[in-house]
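Participant: just to be clear, the model below is a prediction. Sequence and coordinates:
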Amino acid sequence: MSSSPAFGQADLTNCERELIHLAASVQPHGVLLAVQEPGFEIIQASANCAALLGIPAAELLQLPVARLGGDIDRCLRRLAAQGALAEPEALRCRAQVAGRVCEFEGAMHRIPGNVLLVELEPVDIDGGNVVETVNLPSQKLLELLGEAVQQVSSASTVGTVADAVVKACRNMMGYDRVMVYKFDPDGHGKIIAEARDPRLESLLGHHYPSTDIPQRARELYLRMRLRVLVDVDYEAAPLVPRQLPGTHEDLDMSLCHLRSMSPLHLQYLKNMGVSATLVVSLVREGRLWGLIACHHDAPRNLRFAVRATADLLAEVASTRIAAIENYAYAQVAIQVRRLEQRLVEATSTEGDWRVALFRNPRTLLQPLDATGAALFYEGEVLTAGETPSTPELRELMRWIESAPFDGLFHCASVERANPSLDALTPTASGVVAVKLSASRPDYLMWFRKEQLSTVTWAGDPTKPIVDNDPLKLSPRRSFAAWSEIVRGTAVPWSASELALARALGAALIDIIAQVNAVRLLIAEHQLAQIRATVSESNEPVVIADAAGHTLFANRCFSRLMGRTAEPTAPSAETATLFTKPELVRKILASIAQERRPWRGELALDLGHGASVPVSLRAELVPARDGSVLGYFLILADLTDMQRAALARRHLETSLSQAVALQEGPGSGAGEDIGAHDVFGAIMSNASLAAMDITDGNMGSTVVPLLEELEASTRRATALYGRVKAFSG
């Protein structure tokens with residue numbers, strides 16, 4: 001692999017590795033100053049300082065920033081004393097330019113070596129400046145923001161969220177075209193919403209190949225959520241000197257608003273006829289979910305208050321998307337509980353959960369929108385709907401068994417993944433499989449038939465060469481719609497469908513554990529075989545005799561207790577496994593008397609004062625004569641769920657503090673317009689996203705979401721403050 005090309009030296013063969021964060025130049029509508037602490041001397045400056053600050057960059061070097069006059073020195077020192085400044089903090093200051101005091105707004109952050117990177121953009125617009133700058137009065141800006149937040153918050157689907165966002169952004173900022181891109185798992189982008197000038201052709205529904213946004217650029221979109229290009233034809237202002245003094249390296253400009261953009265990207269925009277852009281990231285659980293992209297056919301700038309408004313709206317939209325997608329997972333949990341109830345009832349009445357699973361194929365196929373399904377269990381194969389032949393199914397199972405995966409396998413094109421299985425395409429082009437056993441090739445699989453589809457690309461995605469010269473590469477020149485027929489593939493499985501498949505697999509594993517636990521008690525001659533099955537269960541299981549003494553506990557339970565081996569039978573009283581043994585004795589006695597199962601939360605006693613919280617389901621197993629044969633106990637570790645509860649409390653605290661901050665003393669009635677809407681929206685989204693998903697093991701999934709919402713609340717608080725502070 002060749003080394004990464006320097007900024008501006010990449011072509012289409014290596015643009016993925018271009019060092020775009022080492023641009024060594026800025027867009028000319030603002031200046032960049034590198035200021036050395038603690039003396040606050042300027043050690044590096046952009047070459048346009050003469051035009052915007054009235055002093056050539058070379059003359060500023062080694063001078064204290066105070067020489068710029070105004071209050072800039074006091075402003076920078078006050079901001080520098082506030083914290084680490086690992087992320088850019090907004091600022092507003094004044095400086096002396098050509099004998100008059102001028103106002104600037106911008107941002108500052110700190111990099112290693114106690115160097116402050118200061119970006120300044122003039123607020124006073126030169127009357128001869130041809131660049132249109134969007135600047136809305138505070139009252140109007142907050143009014144538009146409040147309306148946009150209401151629209152986003154009332155959206156019930158991702159599509160309606162995206163529609164509300166593009167309309168609001170175009171209404172506030174006036175770009176010719178505003179789009180929302182959503183990225184698929186392969187990184188390809190699709191325009192799912194668009195608001196545009198009627199004279200422009202629609203790009204709604206068009207796809208863009210993943211190569212249009214190199215991976216390094218995607219990483220910067222995560223670190224720097226908002227980027228503005230004022231004029232695609234700008235002449236970059238280089239840094240003076242090029243390398244940061246004392247480092248012999250180019251300045252890392254990853255977090256700089258003014259950083260120059262790659263020449264390849266600029267050519268790409270010119271090919272599209274775009275002169276100015278605004279791009280805001282939509283982030284979901286720490287990943288780049290999509291982008292809000294605004295295009296204009298003439299140079300265009302935004303005041304910082306307007307930029308902060310766009311950033312804040314994207315944050316609200318991201319939380320709403322998280323809430324909607326998480327609500328889908330909640331529906332998954334409801335469906336799983338219903339299926340689990342039916343299978344448990346069938347097991348008790350008919351002795352075989354498989355009969356209930358396949359009795360009504362529609363209930364098995366419809367939740368995943370599948371056209372067929374197959375169960376591989378104990379060497380047998382049961383099918384529903386349209387499926388390949390049994391020999392073909394066994395061949396598919398062997399291929400999946402050999403593939404590395406974490407318990408859930410999914411594929412939208414078996415033919416592409418394994419050409420030797422192309423015969424499956426008509427009935428099983430797409431497959432999702434959940435493994436039901438750690439020791440045997442037991443699987444539940446769903447299938448989708450091949451679906452021919454037409455994909456419309458925004459231009460030929462193959463990046464054509466120019467003049468038939470393979471060495472003369474250029475970004476795609478034509479953005480006319482280019483379509484291709486996609487064969488040998490099924491409709492991809494959605495995230496909620498995969499979550500449902502995983503949850504159904506977990507439910508079946510739970511049911512299998514229950515059935516085999518009962519068999520262990522009533523079929524002594526099958527003990528060895530059933531012991532192996534229960535031992536490998538993914539759920540902690542304990543079996544007790546009629547007197548309440550432990551007969552058996554599986555490996556998962558031993559791991560939960562921190563032990564390396566299963567206890568031998570007979571063992572101590574089961575109640576002593578818990579921190580409240582007397583309560584457990586009463587529970588078992590109540591089960592025996594009332595003949596009803598018990599569910600609740602207890603804590604396992606790990607010894608030496610340590611314990612682990614668990615949910616417990618305890619059920620009685622009656623003998624043929626009606627006496628008590630014994631009990632089985634199935635447990636689930638609640639540690640993650642308690643972490644989730646703690647994260648919820650932290651989130652609620654952050655939301656309460658945020659609202660209190662915005663509505664606290666010193667806020668005028670007019671200035672508070674929008675605050676209730678903004679933080680009310682995030683509160684609503686948080687309530688929906690943080691709802692109790694299931695009583696199963698979903699805590700580890702919820703915690704990152706809650707922490708993300710808490711971080712969004714903190715960002716929203718800061719951004720809202722910026723909107724009010726920098727709107728004029």
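Facilitator: Okay, I see it. Residues are numbered from 1 along each chain as shown.

Participant: which stretches of the stretch 1-150 of the chain have low pLDDT?
Facilitator: Within the stretch 1-150 of the chain, the segments meeting pLDDT under 70 span 1-3, 5-18, 125-130.

Participant: now the helices for it?
Facilitator: 49-53, 57-60, 72-80, 138-154 (DSSP state H, counting those that start in this stretch).

Participant: isn't there a strand covering L204?
Facilitator: No: assigned with DSSP: H, G, I helix; E, B strand; the rest coil, L204 falls outside any strand and is coil.

Participant: count of neighbours near the residue lying closest to it once chain neighbours are set aside?
Facilitator: Once flanking residues are discounted, L204 sits nearest to E194: 4.4 Å by CB to CB, 6 or more residues apart in numbering. (Glycine included, C-beta is placed from N, CA and C.) Counted by other CB atoms under 10 Å, the residues lying close to E194 total 21.

Participant: let me know the secondary structure of E194.
Facilitator: Of the three states, E194 takes strand under three-state DSSP.

Participant: you'd agree it is up against Y181?
Facilitator: No: in this structure, E194 is not within contact of Y181 by CB atoms under 8 Å, at 10.2 Å.

Participant: tell me the spacing between the closest residue to I543 other than its chain neighbours and W399.
Facilitator: Sequence neighbours aside, F552 is the residue nearest to I543 in space, at 4.3 Å (criterion: CB to CB, 6+ apart). F552 is 36 Å from W399, where distance means CB to CB, to the nearest Å.

Participant: for P245, which non-adjacent residue is closest in space?
Facilitator: In this structure, P245 finds its nearest non-sequential neighbour in I43, 4.9 Å apart by CB to CB, 6+ apart.

Participant: what sits against that neighbour?
Facilitator: Contacts here follow CB atoms under 8 Å, 6 or more residues apart in numbering; on that basis I43 touches 34-36, 61-62, 115, 244-246.

Participant: if we can go back for a sec, mind checking pLDDT for the residue nearest to L204?
Facilitator: Looking at E194, its pLDDT reads 94.

Participant: repeat that for V434.
Facilitator: Value for V434, per-residue pLDDT: 92.

Participant: in the sheet, who's paired with it?
Facilitator: For V434, the beta-bridge partners are L408, L444 (DSSP bridges).

Participant: what's the neighbour count on it?
Facilitator: 24.

Participant: cool, and L204?
Facilitator: By the measure other CB under 10 Å, the count of residues near L204 is 16.

Participant: which SSE is G290 in?
Facilitator: Per DSSP states H and E, G290 falls inside strand 287-296.

Participant: please name every helix or strand in contact with that strand.
Facilitator: Using 3 or more CB pairs under 8 Å, 6 or more residues apart in numbering; DSSP states H and E, the elements in contact with strand 287-296 are helix 158-173, strand 177-183, strand 189-196, helix 215-223, strand 276-284, helix 304-350.

Participant: so which of those is the most packed in?
Facilitator: Among the helices and strands packed on strand 287-296, the stretch with the highest mean neighbour count (mean count of other CB atoms under 10 Å) is strand 177-183, at a mean of 24.

Participant: who's in contact with L638?
Facilitator: Shown here is L638, whose contacts under the criterion CB under 8 Å, 6+ apart are 601, 613-615, 699.

Participant: turn the residues you listed into JSON lines, including secondary structure and distance to S558.
Facilitator: JSON lines is the format used below for the contacts of L638 (DSSP: H, G, I helix; E, B strand; the rest coil; distance: CB to CB, whole Å):
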{"residue": "E601", "secondary structure": "strand", "distance to S558": "21"}
{"residue": "P613", "secondary structure": "strand", "distance to S558": "18"}
{"residue": "V614", "secondary structure": "strand", "distance to S558": "14"}
{"residue": "S615", "secondary structure": "strand", "distance to S558": "18"}
{"residue": "G699", "secondary structure": "helix", "distance to S558": "21"}
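
Participant: gap between the residue nearest to P245 and T160?
Facilitator: With CB to CB as the criterion, I43 and T160 are 50 Å apart.

Participant: swap in A24?
Facilitator: In this view, A24 and T160 are 43 Å apart by CB to CB.

Participant: try D605
Facilitator: Taking CB to CB, one finds D605 at 51 Å from T160.

Participant: likewise for Q657?
Facilitator: Taken as CB to CB, the span from Q657 to T160 is 30 Å.

Participant: how about D176?
Facilitator: According to CB to CB, D176 and T160 sit 23 Å apart.

Participant: the most far-flung residue of the chain relative to its centre: what secondary structure?
Facilitator: Using CA atoms, centre = their mean, the residue of the chain lying farthest from its centre is D625. It sits 55.8 Å away. Following three-state DSSP, D625 is assigned to coil.

Participant: check the offset of stretch 68-83 from the chain's centre.
Facilitator: Averaged C-alpha coordinates place stretch 68-83 at 36 Å from its chain's average position (CA atoms, centre = their mean, to the nearest Å).

Participant: which outside residues touch it?
Facilitator: Contacts for stretch 68-83 (CB under 8 Å, 6+ apart): 35, 37, 40, 53, 55, 64-66, 85, 89, 91-96, 101-102, 104, 108, 110, 116, 118.

Participant: may I see the buried residues of it?
Facilitator: Buried positions in stretch 68-83, judged by neighbour count with 16 or more other CB atoms under 10 Å: 68-70, 72-73, 75-77, 79-80.

Participant: ditto for stretch 102-114
Facilitator: By 16+ other CB under 10 Å, the buried positions in stretch 102-114 come out as 102, 104-111.

Participant: I'd like these as JSON lines, with distance to K167 appended.
Facilitator: Shown next, in JSON lines, are those (distance: CB to CB, whole Å):
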{"residue": "C102", "distance to K167": "36"}
{"residue": "F104", "distance to K167": "32"}
{"residue": "E105", "distance to K167": "27"}
{"residue": "G106", "distance to K167": "30"}
{"residue": "A107", "distance to K167": "28"}
{"residue": "M108", "distance to K167": "34"}
{"residue": "H109", "distance to K167": "33"}
{"residue": "R110", "distance to K167": "38"}
{"residue": "I111", "distance to K167": "39"}
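
Participant: what about the residues you listed, which are in strands?
Facilitator: Among these, the ones falling in strands (DSSP state E) are 102, 104-111.
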